[in-house]
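**Q** structure for this input, please:
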Amino acid sequence: MELLCAATTAAAATATGELWVRTGGIGGGFSHESEHDLALMVTDFWENGSAGADSWCSSDSDSGFSDLAHLADKISFYKRSVPQYESDLMSVVHSLILSIKETDLHFVKSGPCNASCIRYALVKLLRLSGYDAAVCSTRWQGSGKVPGGDHEYIDVVNYNNTGISERLIIDIDFRSHFEIARAVDSYDRILKSLPVVYVGSLMRLKQYLQVMVDAARSSLSQNSMPLPPWRSLAYLQAKWHSPNQRQFNPDEQNITAAYSIDHKQCRGHLKRLQSSLHSEMETDRFLKPINNDSSNRRLKIERRRHSSLRGL
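**A** Predicted coordinates:
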């Protein structure tokens, strides 16, 4: 009996440790949503006991794999269906993020920074490049089954030729919003296929959110877990759709007077962000020749078809 209890405790500790690492426990952004997932996961383990130990695996069921494969196709489609002005801004954002140096992270608020200094550094560079960019802070009260919370991101106001404006959202830590406990393998692949940095409209953002909510529900259901309220579409939308305050510079009264504070977390966050972004760009660059070849083949086929029609 003692051996069984020891094995059970070890399994719980191992699973808890794995989630802690996955959600950024080592120098990363361990969000309060991740804490909720951790609590839910541990509670589920102890309630199910050893009888539920088999559900701790992260392999897909056949039906679940099919559902998630369909959702993966949607993510791929959304990534390809980007208007030109969003694509142009995305290229600019990527270049500017890769140009940020540790010495640029002087826009630091006292207390927990949560990558604010990176966002303000990026906004400064965007504004120097001629963009109407700002850091947006949202805070919303809980209502019904939707918990309250707060979030910080960047927006760029884009004006078209008719003078109508549209907000484009930039979230430098996009994937972290969708990390879940005990994710099945195919969910992890979908998560890694998301843009490292989201750049785009609120409408396209909602498309991503809906897919990821459906994917999370499918992954959790395969482990007999319900979808928590902080993984619902309403909660996720509240992060970007709630009333916001725009700031070009951090609040002067909250900025540290000197740069003596060691912001190891922010420097680590910047390095991971730049590394992930660089890897994503290299992957996209590797795939482009394949896509261009297929496009050229389709163009040649169309030309031959039109030539044959003219000869009739």
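**Q** where in the stretch 101-250 of the chain is pLDDT low?
**A** In the predicted model, the stretch 101-250 of the chain carries pLDDT under 70 at residues 106-112.
**Q** all helices of it, in order?
**A** 116-128, 185-193, 202-222, 233-241 (DSSP state H, counting those that start in this stretch).
**Q** ok, which of those comes nearest Lys74?
**A** With C-beta to C-beta, the closest approach to Lys74 among the helices of the stretch 101-250 of the chain belongs to helix 202-222: 5.0 Å. (C-beta placed from N, C-alpha, C; glycine too.)
**Q** buried stuff in that closest one?
**A** 204-205, 207-209, 211-222 (16 or more other C-beta atoms under 10 Å).
**Q** can you give the domain ranges for this protein?
**A** Residue ranges for the domains of the chain, per automatic domain parsing: 1-56, 57-287.
**Q** name the stretch among these that sits most buried.
**A** With neighbours taken as mean count of other C-beta atoms under 10 Å, these reach their highest mean count in domain 57-287, at a mean of 16.
**Q** out of the helices of the stretch 101-250 of the chain, which gets nearest to Thr283?
**A** helix 185-193 (10.1 Å).
**Q** let me know the angle separating that closest one from helix 202-222.
**A** Angle of helix 185-193 versus helix 202-222, following axes from the mean of the first three to the mean of the last three C-alpha atoms, to 10 degrees, is 160 degrees.
**Q** send the alpha carbons of helix 185-193 over as CSV?
**A** In CSV, the C-alpha atoms belonging to helix 185-193 read as follows (Å, rounded to 0.1, in the frame of the first residue of the first chain):
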residue,chain,number,x,y,z
ASP,A,185,0.1,15.5,-28.9
SER,A,186,-1.9,16.9,-31.8
TYR,A,187,-3.0,19.9,-29.7
ASP,A,188,0.6,20.7,-28.9
ARG,A,189,1.3,20.6,-32.7
ILE,A,190,-1.6,23.1,-33.3
LEU,A,191,-0.3,25.3,-30.5
LYS,A,192,3.2,25.4,-32.1
SER,A,193,1.7,26.2,-35.5
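**Q** helices or strands up against it?
**A** helix 62-80, helix 202-222 (3 or more C-beta pairs under 8 Å, 6 or more residues apart in numbering; DSSP states H and E).
**Q** between the helices of the stretch 101-250 of the chain, which one is nearest to Asn160?
**A** Among those, helix 202-222 comes nearest to Asn160, with 15.0 Å by C-beta to C-beta.
**Q** which helices and strands does the closest one pack with?
**A** So helix 202-222, by 3+ C-beta pairs under 8 Å, 6+ apart, packs with helix 62-80, strand 165-171, helix 185-193, helix 233-241.
**Q** can you list contacts of it?
**A** 60-61, 64, 67-68, 71, 74-75, 78, 81-82, 86, 167, 169, 177-178, 180, 182-184, 186-187, 190-191, 194, 198, 226-227, 231-233, 236-237, 240-241 (C-beta atoms under 8 Å, 6 or more residues apart in numbering).
**Q** let's see that with 7 Å instead.
**A** By C-beta atoms under 7 Å, 6 or more residues apart in numbering, the residues outside helix 202-222 that reach it are 60-61, 64, 67-68, 71, 74-75, 78, 167, 169, 178, 180, 183-184, 187, 190, 194, 198, 226-227, 231-233, 236-237, 240-241.
**Q** now the angle between helix 62-80 and that helix, please.
**A** If you take the same axes, to 10 degrees, helix 202-222 sits at 160 degrees to helix 62-80.
**Q** my guess is Trp230 contacts Val146. True?
**A** No. Using C-beta atoms under 7 Å, Trp230 is not in contact with Val146, being 8.5 Å away.
**Q** quick one on the thing from earlier: could you dump the helices and strands packed on helix 185-193 into TSV and include distance to Cys117?
**A** Shown next, in TSV, are those (distance: least, C-beta to C-beta, whole Å):
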stretch	distance to Cys117
helix 62-80	28
helix 202-222	24
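**Q** so which of the ones you listed comes closest to Ala115?
**A** Here helix 202-222 is closest among those (C-beta to C-beta), at 18.7 Å.
**Q** could you check the angle strand 165-171 makes with that closest one?
**A** Using the same axes, to 10 degrees, the direction of helix 202-222 lies 40 degrees away from that of strand 165-171.
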